[in-house]
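K.L.:
Sequence first, predicted coordinates after that:
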Protein chains: 2
Amino acid sequence: MTTLYGYFRSSAAYRVRIALNLKGLDYAQAPVNLVKGEQRGEENLARNPQGLVPILETDEGAQLTQSLAICEYLDERYPAPALLPADAVGRARVRSLAQLVACEIHPLNNLKVLKYLVGELKVDEEAKLAWYRHWIAEGFAALEARLAGESATGEFCHGDSPTLADLCLVPQLFNAERFECDLSAYPTIRRIAERCRSLEAFAKAAPGEQPDAG
Amino acid sequence: MTTLYGYFRSSAAYRVRIALNLKGLDYAQAPVNLVKGEQRGEENLARNPQGLVPILETDEGAQLTQSLAICEYLDERYPAPALLPADAVGRARVRSLAQLVACEIHPLNNLKVLKYLVGELKVDEEAKLAWYRHWIAEGFAALEARLAGESATGEFCHGDSPTLADLCLVPQLFNAERFECDLSAYPTIRRIAERCRSLEAFAKAAPGEQPDAG
C-alpha cells in the first residue's frame, strides 16, 4: 500500500496528493500534525531526518522525501497521464515554472521560517504578514509574466493538460488566498487555477477535503 | 553556441557550470553582476521576468531558467555521463538530496532575502549572520544524517560518480565556508565535497575561476 505522510495544509503534501490523484493511485494517508510539532517527533525523524513532510512510502517500502522528487518518481513509475511534456525544452519549461514556486516562493513562507521571524527576530504580526505577501507578490508577478507571455501556456501552465507546474501553482494560490494576498494582478494564474480546480484530482486534494482537516 | 548568463558567486549558476563541465560541453559565459543589480536590468528581465540568474541559452536559442531544471535538461539532451542513476528510487533519492539544498537551504540565504532582512526588517549584521548560519546548520544536519546513514551513499552523494545532488552540495558548502559556518559536525558532507573538488569539472566551475571573479 502506498502511504502519504502529510498534513492537510502543507502545500508540499498538497502537490503530492494532486499527483497521486491524477495518476489514479490508491493511497493511505498518515497525518503528521505540523502545528503540534509531530514532524520533529521520533517517529517522523526516523522516516525523514529533516523532520518534514511529505514522505511517500511506496508499495515496495521505499520512503521518499521532497515533494517534487516524489512527483517525478510517480511520473516515472506510472507514466500515464504524464506530468511532463515529451520534449526536453518543454520539460525544462514545466520544471522551471514548478521550481519558481517551489524554490523561490514557498521556502520563504514555510511555517519554520515564520516561526524564526517571530521567535528569533521578534518580528510583529504586521511585518510577518508583509514578509509573506512580499514573496508571494514577487514570485507571482514573475509567474504571471511568464504564463501570460509565453506561447506554450494553454488551458494549463503548459498546454492543455495538467503538469508538475500546475501541481505547484494551485497549492501556492491556496496559501495566497489564505493569507488574503491581493491577487488582482495575476489573471492568468487565477484562470489556470480555476481550470485545475474543475478537475476531480485537484478538488479531492484540497486541504479542506483531507481526513485531518481541522 | 550554448551561453550561460550567470554570476561567479551565484551558487545556482555554479551548479549549472559543474553540469556543463561534467557533460564536457563548450559554452560561453555572459556575466550578470548581481551586486550591481544587473539581474533586474531591462536586458536580463527580457530573458527572465523573474530577474534572476542562471539562464542557459541553448545552441537552438531556447532560454532556460531555474538551475535544477537546466541541469535536468542537460542530462536529458546529453545523457553521458548521467547526472541521475537509472532506477526510479535512486533518481528520487538524488533529486531529494538536491532539493534539500535547493528548496530548504539556498532560498533562505539568497542575496534578495538578506537584503530584505536588512532593509525592511532592520536586522543588524549579527542577526543576519545568525539567520544565514541557522539555515545552513539545520539543512546540513539533515543532509549529513542522510548521507552518513543511507547505504546508497558512496564516494559521492549517490554511489561512486557525481550526480545532481553533488552539483548542489558543493556550491552550498562554498557558501557555508564563505560565511564561516562551523562545519565540524558534517564529516560526510566535507568528505564528499573534497572528492568532488578533486575532479576538474568541479574545480573549473569554482567561483574564483570565473571570468567575472572579483
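P.N.:
Happy to help now that I have it. If you're wondering where the values come from, they're calculated on a predicted model, not measured in any experiment.

K.L.:
State the distance from the nearest residue to A:A130 once chain neighbours are set aside to B:G37.
P.N.:
Closest residue to A:A130 apart from its sequence neighbours, by C-beta to C-beta, 6 or more residues apart in numbering or on different chains: B:E120 at 7.4 Å. Where you see a C-beta, it was placed from the backbone N, CA and C, and this is true even at glycine. From B:E120 across to B:G37, the span is 17 Å (C-beta to C-beta, to the nearest Å).

K.L.:
In three-state terms, how would A:C181 be classified?
P.N.:
What DSSP: H, G, I helix; E, B strand; the rest coil gives for A:C181 is coil.

K.L.:
Isn't it up against A:W135?
P.N.:
No. A:C181 is beyond contact range of A:W135, at 10.0 Å (criterion: C-beta atoms under 8 Å).

K.L.:
What residues of the helix or strand of chain A with the lowest mean pLDDT count as buried?
P.N.:
When each helix and strand of chain A is scored by mean pLDDT, DSSP states H and E, helix A:42-47 comes last, with a mean of 86. Buried residues in helix A:42-47, counted by 16 or more other C-beta atoms under 10 Å in any protein chain shown: A:44, A:47.

K.L.:
Counting by contacts, list what the following helix or strand past that helix packs against.
P.N.:
Per DSSP states H and E, helix A:42-47 leads on to strand A:55-57 as the next helix or strand towards the C-terminus. Contacts defined by 3 or more C-beta pairs under 8 Å, 6 or more residues apart in numbering or on different chains; DSSP states H and E place strand A:55-57 against strand A:2-6, helix A:42-47, strand A:63-65, helix A:67-77.

K.L.:
Try it again at 7 Å.
P.N.:
strand A:2-6, strand A:63-65 (3 or more C-beta pairs under 7 Å, 6 or more residues apart in numbering or on different chains; DSSP states H and E).

K.L.:
Compute the inter-axis angle for the longest one and helix A:67-77.
P.N.:
Orientation of strand A:2-6 against helix A:67-77 (axes from the mean of the first three to the mean of the last three C-alpha atoms, to 10 degrees) gives an angle of 170 degrees.

K.L.:
Quick one: name the residues of chain A near chain B.
P.N.:
A:49-50, A:62, A:64-66, A:68-70, A:72-73, A:76-77, A:88-89, A:91-92, A:95-96, A:99-100, A:102-104, A:107-108, A:113, A:116, A:121, A:123, A:127, A:134, A:142, A:145-146 (C-beta under 7 Å from any C-beta of the partner chain).

K.L.:
helix or strand for A:Y132, which one?
P.N.:
helix A:125-149.

K.L.:
Can you report how many residues neighbour the residue lying closest to A:Y14 once chain neighbours are set aside?
P.N.:
For A:Y14, ignoring the flanking residues on the chain, the nearest one in space by C-beta to C-beta, 6+ apart is A:P171 at 3.9 Å. A total of 29 residues lie near A:P171 under the criterion other C-beta atoms under 10 Å in any protein chain shown.

K.L.:
which SS class is A:P171?
P.N.:
helix.

K.L.:
contacting residues around it?
P.N.:
By C-beta atoms under 7 Å, 6 or more residues apart in numbering or on different chains, the contact set of A:P171 is A:11, A:14-15.

K.L.:
Next up, phi/psi of the residue in chain A sticking out farthest from the centre, please.
P.N.:
Here chain A reaches farthest from its C-alpha mean at A:K122, the gap being 28.2 Å by C-alpha atoms, centre = their mean. Main-chain dihedrals, A:K122, degrees, to the nearest 10: phi 50, psi 40.
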